[in-house]
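Participant: make a model of this:
(2 chains)
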Amino acid sequence: QQQVKQSPQSLIVQKGGISIINCAYENTAFDYFPWYQQFPGKGPALLIAIRPDVSEKKEGRFTISFNKSAKQFSLHIMDSQPGDSATYFCAAKGMDSSYKLIFGSGTRLLVRP
Amino acid sequence: EAQVTQNPRYLITVTGKKLTVTCSQNMNHEYMSWYRQDPGLGLRQIYYSMNVEVTDKGDVPEGYKVSRKEKRNFPLILESPSPNQTSLYFCASSLLGLAGEAETQYFGPGTRLLVL
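Facilitator: Purely as a prediction, here's the structure:
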């Protein structure tokens, strides 16, 4: 019953490269799309989020690109660093459910020095 | 320090032996939730609570119970654990916005449970 599909499952990038993680959703009634970052042994933490009224949001080296017509959104990490190595989860919140986040399956990112 | 705490962090138990995982937050958040994290499945919501004495089922509530007697605490109870409940569990909390939305969720460090 997964409504948010995330890819790839794992990703290896060289230091300084661009990491790209993609998510696709089915429910057009989602109105909030956050990305969470999880380091080993820690709980997820909010990294960046976007609403469907904008196509892009940038915070430092992290950018969300949002394509409403394709029902897709992606996380771009520019100049990837070894410290970015973590698991990343996309999520979506429905307009009809003000409190429920639907999470993707996660992407394990490894940035090689 | 604002945080969500969980105890224990690691737990090994046997089938059928009741257990409780505690969760506490010091941010005066109304909303609290329990998730389980399994490889390839991401985070799935077990139960959530909008406020004291208000709880509701998430996507995978079978085999779990919760209670919210105080605003800061939201324990997860497994009355008769089974091996398929072996997982990594996270508690989260959030403020509720003016429209009742709970968007930025703060997660605890996780509890790794093994049921033999």
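
Participant: any residues of chain A in contact with chain B? List them.
Facilitator: Applying Cβ under 8 Å from any Cβ of the partner chain, we find that chain A lies next to chain B at A:1-2, A:6, A:9, A:32, A:34, A:36, A:41-46, A:49, A:89, A:93, A:98-101, A:103-106. Heads up, the C-betas are built off the backbone N, CA and C, glycines and all.

Participant: please check those and keep the buried ones.
Facilitator: A:6, A:32, A:34, A:36, A:43-44, A:46, A:49, A:89, A:93, A:98-101, A:103-106 (16 or more other Cβ atoms under 10 Å in any protein chain shown).

Participant: in chain A, what residue lies closest to chain B?
Facilitator: Shortest chain A-to-chain B distance, computed as Cβ to the nearest Cβ: residue-wise this is residue A:43, at 3.1 Å.

Participant: pull the contacting residues for that residue.
Facilitator: B:4, B:90, B:92, B:107, B:108, B:109, B:110 (Cβ atoms under 8 Å, 6 or more residues apart in numbering or on different chains).

Participant: how about residue A:32?
Facilitator: Remark: with contacts taken as Cβ under 8 Å, 6+ apart, residue A:32 is in contact with A:49, A:50, A:51, A:92, A:93, B:101, B:103.

Participant: of these, which belong to strands?
Facilitator: Secondary structure assignment (DSSP state E) places A:49, A:50, A:92, A:93 from these within strands.

Participant: doesn't residue A:30 make contact with the last one?
Facilitator: Yes - with contacts defined as Cβ atoms under 8 Å, residue A:93 counts as touching residue A:30 at a distance of 6.3 Å.

Participant: intersection of neighbour lists for those two?
Facilitator: Looking at what touches both residue A:93 and residue A:30 (by Cβ under 8 Å, 6+ apart), the common residues are residue A:102.
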